[in-house]
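Novice: Quick one, structure for this:
(one chain, ligands or ions: 2)
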Amino acid sequence: MDTPTLTILIVVAVVLALIGYWALRRRRRPVTRIEASGRLGKTAGVLGAALRGAWDSGLDDSTWDEIEEGLLAADVGVEASTRVVQALRSSKPETADDARELLAVLLVSELDDAPRMLHLDSELSTVLIVGVNGTGKTTTVAKLSARLKRDGKKVLVGAADTFRAAAGEQLELWAERVGVDVVTGQEGGDPAAVVFDAISAARARGVDVVLIDTAGRLHAKKNLMGELKKIHRVAAGDGEVDEVLLVLDATAGQNGLAQVREFAEAVPLSGIVLTKLDGTAKGGIVIAVENQLGVPVKFIGLGEGVDDMEPFDPDSFVGALLERS
Ligand SMILES: Nc1nc2c(ncn2[C@@H]2O[C@H](COP(=O)(O)OP(=O)(O)O)[C@@H](O)[C@H]2O)c(=O)[nH]1
Ligand SMILES: [Mg+2]
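Specialist: Ligands and ions are numbered 1, 2, ... in the order given. Here you go, the predicted model:
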């Protein structure tokens, strides 16, 4: 064999090997795997269980109705559920296994493909945590600071929920437990002033990331939104706020979604932290949230402890929903 032929053969062999390796890797990412499934609590396997009857009776009209009902019951939302079932149906899968695999693909494709990591590239990065009272903002600040600290970042938290003294104390307690600096204000004081102080302190101490906890009382809505805008302005300084994360309680379902539209109008959201997924069987809300707010879910809350938060991964999450117990 002459040299050019040999070269071509080697190149072809390498390309084939690469394609094979790639295909194997794709196959090895089974949609039914999730490390977090144990922690997802009631949500894990919720669709798998609801749909067991649908698959087992063979694929006919009632199957598609049952799937749609299952998706709606899991809080996926009407629009996305209809879209997914229509696509599934019109693709005419021949076996229940094919249909289940396609359902997973369709559900994942309903989710945002925007990057889900935090963008904290500034010399001093600022993260604003906003959302309705009781959704888990303060806990999320604690969880995020623990995670960032683990990544080697120097973190400072600012308690800009000055509405209740207890809110500042709660954050102080967390900060102490996690081992990060905290700046608090006077009860009833101007929250934007706390933000200013927190950022000044962070700059002076060579901090990498400042996390700002805010108040979320909805009964003073107008006031709250004005306050948030001011907080955002102060946090941005001459630049921009690196991340504005909306904390949303998964157990509040579609109602919770309706409540947060005003937040999205008041400040430019960059991500969502969906909390309390351990306490609901309606994990499909992730899909409704992204569909309706157009902002990626970056983290999911899976408990009250400081380590009970994970980055959101669409493949493994959908896999866990569809798990068959
Ligand atoms: N089960 C569960 N509880 C959570 C989660 N996140 C927060 N909580 C609880 O929800 C309650 C309100 O949390 P908090 O951080 O004070 O909410 P905030 O008012 O938005 O600051 C507390 O009892 C938290 O322990 C979560 O992911 N799972
Ligand atoms: Mg709070």
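
Novice: list the contacts for the residue in the chain that ligand 2 sits nearest to?
Specialist: Nearest to ligand 2 in the chain, going by C-beta to the ion, is residue 138, at a distance of 3.3 Å. Backbone N, C-alpha and C define where each C-beta goes, glycine included. Taking C-beta atoms under 8 Å, 6 or more residues apart in numbering, we find residue 138 in contact with 161, 167, 170-171, 174, 213.

Novice: Can you list which of the residues you listed are found in helices?
Specialist: Using DSSP state H, 167, 170-171, 174 are the members of the contacts of residue 138 that sit in helices.

Novice: Looking at neighbours, which among those is most surrounded?
Specialist: residue 171 (26 neighbours; other C-beta atoms under 10 Å).

Novice: picking that back up, export the contacts of residue 138 as a markdown table, with columns for distance to residue 74 and pLDDT.
Specialist: Shown next, in a markdown table, are the contacts of residue 138 (distance: C-beta to C-beta, whole Å; pLDDT from 0 to 100):
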| residue | distance to residue 74 | pLDDT |
| --- | --- | --- |
| 161 | 32 | 92 |
| 167 | 33 | 90 |
| 170 | 32 | 95 |
| 171 | 33 | 96 |
| 174 | 32 | 97 |
| 213 | 31 | 97 |
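
Novice: which ones among the residues you listed come in contact with ligand 2?
Specialist: The residues of those that also fall near ligand 2, by C-beta under 5 Å from the ion, are residue 167.

Novice: Go through the contacts of residue 138 and name the one nearest residue 65.
Specialist: Distances from residue 65 to those, taken as C-beta to C-beta, are shortest for residue 213 (45.0 Å).

Novice: quick one: that closest one and residue 159 touch, right?
Specialist: Yes: here residue 213 reaches residue 159: they are 5.5 Å apart, a contact under C-beta atoms under 8 Å.

Novice: who has more neighbours, those two?
Specialist: Using other C-beta under 10 Å, the more surrounded residue of residue 213 and residue 159 is residue 213, with 31 against 27.

Novice: farthest pair in the ones in helices among the contacts of residue 138?
Specialist: By the measure C-beta to C-beta, those have their two most distant members at 167 and 174, which lie 11.2 Å apart.
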